[in-house]
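A.B. asks: sequence below, structure please.
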Amino acid sequence: MHQSTTYPDDPRIHVSADHLLRLEPHSRALSFLPRQPARSILNGTHASRLRGRGLNFEELRNYQPGDDIRTIDWKVTARTGEPHVRVYTEERDRPALLLVDQRVSMFFGTEVYMKSVIAAEAAAITAHRVLDQGDRVGGLVFSDTSVAEHRPQRRAAALMRFLSSIGAANSALHAALNPQPTVALNNMLSEAARMSQTNGLVCLFSDCDGLDERSESLLRRIAFSNDLIVFNISDRTAKVLAPNLKLTVSDGKDQIEIDSADPELSGKIRKSMEDRLNQLHTWSRRYGFPVVPLTTAEPALDQLLYLFGHRGGQK
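C.D. replies: Here you go, the predicted structure:
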């Protein structure tokens, strides 16, 4: 991909807040509630599923024909001599916290889109849908050197501020960036663990660069009391380097030449990517959170529709 100054208005490279706002009508087919289409990656037939909103205890009352016997309070029934059931109502609000990675490692793509664009669009689509469901939404938008924190709110104006932060962080990315990183992925996971309470929804949109041993405990802590979804954004180079591919990759300071004809270099890159992905899937199975794979080959919306079990999406 070329640096931003070459294609300043190319939506494959950069997205604006207005562009993210216009994704709202397209998000309505998706759901982040427990009841999912049969083919959804979030369906219970898969390794992990959403728990949804929690339950609030409302009252104890006498058993009535048709009541679920599983709700009988046996202690109260034994004490009173009359069958009693516990009545619950679903929590009205489930706050969602979206972690949107816009670090320089995300400014990369060898197919159609930058990883940073896929992350921005997927997060915006999720934010729209959560708000439409009546829940509060906010999050952390982070680059290598800054973090924009948005407390979850149920207001369109707050959503617009969140989208503006994503658009600003996305637009600031360019190939000549020379960041002195002060923000690591684990910092954001730690903040998410602090900000999220219980029965919330926490979504990470990232290439997961920087995952290490400490990440495991943070992901476990978040998933223990919340629904956690990791949207892992990758480029095809994460699986295999195309034949005769030559790339110049830069972190803004140093550059390296990647030649897929070099078997040793190709093997090291492939193994590094595989190890990171295998580690993430091991934690996914261990702690019961889904990993949603997104690539740079197709629009984020098409991928989400397909992965969430809607025929309108593309494979």
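A.B. asks: go ahead and confirm Glu111 touches Ile233.
C.D. replies: No: between Glu111 and Ile233 no contact is recorded; they are 12.0 Å apart, counting by Cβ atoms under 8 Å. Placement of C-beta: from N, CA and C, glycine included.
A.B. asks: return every residue with contacts to both of these two.
C.D. replies: Taking Cβ atoms under 8 Å, 6 or more residues apart in numbering as the criterion, Glu111 and Ile233 both touch 295-296.
A.B. asks: looking at those two, which is more packed in?
C.D. replies: Ile233 (30 against 15; other Cβ atoms under 10 Å).
A.B. asks: how about the more buried one, what does it touch?
C.D. replies: By Cβ under 8 Å, 6+ apart, the neighbours of Ile233 are 101, 106, 115, 118-119, 122, 205-207, 294-296.
A.B. asks: repeat for Arg39
C.D. replies: Gly309.
A.B. asks: could you measure it against Ala192, distance?
C.D. replies: From Arg39 across to Ala192, the span is 29 Å (Cβ to Cβ, to the nearest Å).
A.B. asks: list the buried residues for the helix or strand where Glu149 lies?
C.D. replies: Per DSSP states H and E: Glu149 is located in strand 147-153. Neighbour counts using 16 or more other Cβ atoms under 10 Å place 147-148, 150, 152-153 of strand 147-153 among the buried residues.
A.B. asks: rewinding a little: dump the contacts of Ile233 to TSV, plus distance to Gly139.
C.D. replies: Shown next, in TSV, are the contacts of Ile233 (distance: Cβ to Cβ, whole Å):
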residue	distance to Gly139
Asp101	11
Met106	15
Lys115	18
Ile118	16
Ala119	12
Ala122	12
Phe205	9
Ser206	12
Asp207	17
Leu294	17
Thr295	22
Thr296	22
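A.B. asks: closest one of the buried residues of strand 147-153 to His281?
C.D. replies: Top of the list for closeness to His281, among the buried residues of strand 147-153 and by Cβ to Cβ, is Val147 at 27.4 Å.
A.B. asks: contacting residues around the spatially closest residue to Ser164 that is not a sequence neighbour?
C.D. replies: In space, and not counting its chain neighbours, Ser164 is closest to Ala17: 4.4 Å by Cβ to Cβ, 6 or more residues apart in numbering. Contacts for Ala17 were tallied using Cβ under 8 Å, 6+ apart; they are 160, 163-164, 166-168.
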